[in-house]
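Participant: Build the 3D model from these lines:
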Amino acid sequence: MTAQGVLPSRVLPSRVLPSRVLLVTKGHPFEREPFLAIFDHLTATGAIIYEHVEHPDAQHRLHPDRLATDRIDAIDAIDAIVFYDMPGLRFTRADPPVELEAPSPDLVAGFEALLDAGVGMVFLHHALASWPAWPRYAEIVGGRFHYAAGDLWGRRWPDSGYLLEVDHTVEVLAPHHPVCAGLPASFTLHDELYLIPPILPGVTPLLRTTFPMTHEHFHCTDAAIRGRRDEHGDWSHPDGPDLIGWTHTVGRSPVVYLQPGDGPSSYADANVRRLIANAIAFVADASPARRPVTS
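Facilitator: Have a look, this model is predicted:
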């Protein structure tokens, strides 16, 4: 493996190639070129073919009847959807600093249809904060990051915590799971961490951090969106879970969430690239919606 994180072909699934991927972004700023380089590399290796769609257009595409695309040759279905988006919040630069927006009934119906069809889904990093006014979304992803105080799992939670550009140790909890294939037992990552409420019970843990998940080590998100970045003040939050990667099945769909992936340093990290490649391959291969690719 190179320092840039090039993946050997042996970690890629051999039964049906390439995976047909819809990549969904917008709602949170990110470094576009280095992030998309991950998917361009996977395309070059033959692992995937992908289309990148942004909100609000993505909301019209997230339905099985609308997944067919003319932009990718020989595609009549999508094997996996990768979410690196953050819809459902409007930042006001006023008080309150954020307003929550509910998804349209059509989008909700589309998600449920995708889950019924078994389309694989991978959620990355800040996608954990999407659609806070839609309780079902947290059940699909397996958790939630709160930009503002909100309800989850039957109780009220304060705004979540964040810590940018921290060096922390990631431990692999499921070395024999396909998402963790080829990873070392542990590795160091320079990335952002979240302090959040507990994860949905019943998920399969994949990754944990050894960083102390207590509010003293994190910054207040509410202060950040009020223009006071990296402030703690009198904010507090219950101790958070150390899980930063998990998988479960929702409806018939295999779902993976990976917290790593805040910026260029993590985009270029060999282990993060392997995780993303493995997660796409896993949900695509496990999806009952998958059809063979014909040449």
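
Participant: Give me the neighbour count for the closest residue to Leu62 other than its chain neighbours.
Facilitator: Setting aside the residues directly before and after it, Leu62 is nearest to Gly110 in space (CB to CB, 6 or more residues apart in numbering), at 4.6 Å. For glycine as for every other residue, the C-beta is placed from the backbone atoms N, C-alpha and C. Residue crowding around Gly110 was assessed by other CB atoms under 10 Å; the count is 21.

Participant: Kindly report the same for His63.
Facilitator: Per other CB under 10 Å, the neighbour tally for His63 reads 17.

Participant: and the residue nearest to Arg252 when sequence neighbours are not counted, what does it touch?
Facilitator: The shortest distance from Arg252 to any residue that is not its chain neighbour, by CB to CB, 6+ apart, is 3.4 Å, and that residue is Gly118. Contacts for Gly118 were tallied using CB atoms under 8 Å, 6 or more residues apart in numbering; they are Gly251, Arg252, Ser253, Pro254, Ser287, Pro288, Ala289.

Participant: 7 Å instead?
Facilitator: For Gly118, the contacting residues are Arg252, Ser253, Ser287, Pro288, Ala289, by CB atoms under 7 Å, 6 or more residues apart in numbering.

Participant: Could you check how far the closest residue to His28 other than its chain neighbours is from Asp151?
Facilitator: Nearest-residue entry for His28: Met86, 3.9 Å, with adjacent residues in sequence omitted and distances by CB to CB, 6+ apart. Between Met86 and Asp151 the distance is 19 Å, computed by CB to CB, to the nearest Å.

Participant: Which of these two has more residues huddled nearby?
Facilitator: Set Met86 next to Asp151 and count neighbours by other CB under 10 Å: Met86 wins out with 23 against 14.

Participant: backbone phi and psi for the more buried one, please?
Facilitator: In terms of degrees, to the nearest 10, the main-chain angles of Met86 are phi -160, psi 70.

Participant: cool, His52 as well?
Facilitator: Note on His52: its backbone torsions stand at phi -100, psi 120 [degrees, to the nearest 10].

Participant: Could you report the neighbour count for it?
Facilitator: 17.

Participant: Isn't it up against Val24?
Facilitator: No. Under the criterion of CB atoms under 7 Å, His52 makes no contact with Val24, lying 8.2 Å away.

Participant: How about the secondary structure of the residue nearest to Tyr194 when sequence neighbours are not counted?
Facilitator: Distances taken as CB to CB, 6+ apart place Phe145 nearest to Tyr194, at 5.3 Å, with adjacent residues excluded. Assigned with DSSP: H, G, I helix; E, B strand; the rest coil, Phe145 falls in the coil class.

Participant: Quick one: residues contacting Phe145.
Facilitator: Counting by CB under 7 Å, 6+ apart, Phe145 touches Leu128, Ala129, Ser160, Tyr194, Ile196.

Participant: Now do it against Pro132, distance only.
Facilitator: Looking at Phe145 against Pro132, where the rule is CB to CB, the gap reads 9 Å.

Participant: Show me the common contact partners of the two, please.
Facilitator: Here Phe145 and Pro132 have no joint contacts, going by CB under 7 Å, 6+ apart.

Participant: quick one on the thing from earlier: my guess is the residue nearest to His28 meets Ala129, correct?
Facilitator: Yes. With contact defined as CB under 7 Å, Met86 counts as touching Ala129 (5.3 Å).

Participant: quick revisit: which residues does the residue nearest to His28 contact?
Facilitator: Met86 is in contact with Gly27, His28, His126, Ala127, Ala129, Ser130, counting by CB under 7 Å, 6+ apart.
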